[in-house]
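Peer 1: pasting the sequence and the predicted coordinates here, then a few questions.
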Amino acid sequence: MTTVATGTMAAPAIQPSMTAKVTFMGELPSLLGKREHLVSLPREATVADLMTSLVGAFGQVFEDRVFCSPGKLNHTVLVFVDGQNLGRRNLLQTRLGEGPVDVMLLPMFAGG
């Protein structure tokens with residue numbers, strides 16, 4: 001990238017980042033081949049940003065289990081951030097925070 005005023009190369013903007021340690025529960029560890037996964041995201045990333053990163057890392061098997069349609073999490077998947085259940089309301093738009101966070105994904109089973 002060349003700046004207009006000086007004609008010199010400008011350094012790319014550095015995005016501050018945060019780390020999310022994701023713990024997979026239920027059948028996810030056997031489907032994904034691991035129980036924990038570290039994700040580096042921009043500060044103030046949302047749950048949607050995290051899920052996009054996890055789909056990129058684990059592909060269709062993760063997407064099929066966690067999403068019921070594009071952009072809509074399966075109602076049987078609970079998301080906890082630092083031990084707090086995020087619930088359903090505006091879940092994907094929820095910001096993860098600025099620091100390192102612990103995220104737990106817990107798919108529930110239906111049945112009786």
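Peer 2: Here it is on my side, so go on.

Peer 1: return the alpha-carbon coordinates of stretch 21-28 using CSV.
Peer 2: C-alpha atoms of stretch 21-28 as CSV (Å, rounded to 0.1, in the frame of the first residue of the first chain):
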residue,chain,number,x,y,z
LYS,A,21,-10.8,-21.2,24.2
VAL,A,22,-13.7,-23.3,22.9
THR,A,23,-14.6,-26.5,24.7
PHE,A,24,-16.8,-28.9,22.8
MET,A,25,-19.2,-31.0,24.9
GLY,A,26,-21.7,-33.8,24.1
GLU,A,27,-20.9,-35.6,20.9
LEU,A,28,-18.9,-32.7,19.4
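
Peer 1: which residues does that stretch contact?
Peer 2: 32, 34-39, 50, 54, 62, 65, 100-109 (Cβ atoms under 8 Å, 6 or more residues apart in numbering). Just so you know, the C-beta spots here come from the backbone N, C-alpha and C atoms, and that holds for glycine as well.

Peer 1: now do stretch 90-97
Peer 2: Residues from elsewhere that reach stretch 90-97 (Cβ under 8 Å, 6+ apart): 18, 20, 41, 44-51, 71, 73, 79, 81-82, 86, 103.

Peer 1: mind checking which of those are buried?
Peer 2: With neighbours counted using 16 or more other Cβ atoms under 10 Å, the contacts of stretch 90-97 contain these buried positions: 18, 20, 41, 45-47, 49-51, 73, 79, 81, 86, 103.

Peer 1: so the nearest residue to Arg88 once chain neighbours are set aside: helix, strand or coil?
Peer 2: Nearest non-adjacent residue to Arg88, counting by Cβ to Cβ, 6 or more residues apart in numbering: His75, 7.3 Å away. Look at His75: counting by DSSP: H, G, I helix; E, B strand; the rest coil, its state is coil.
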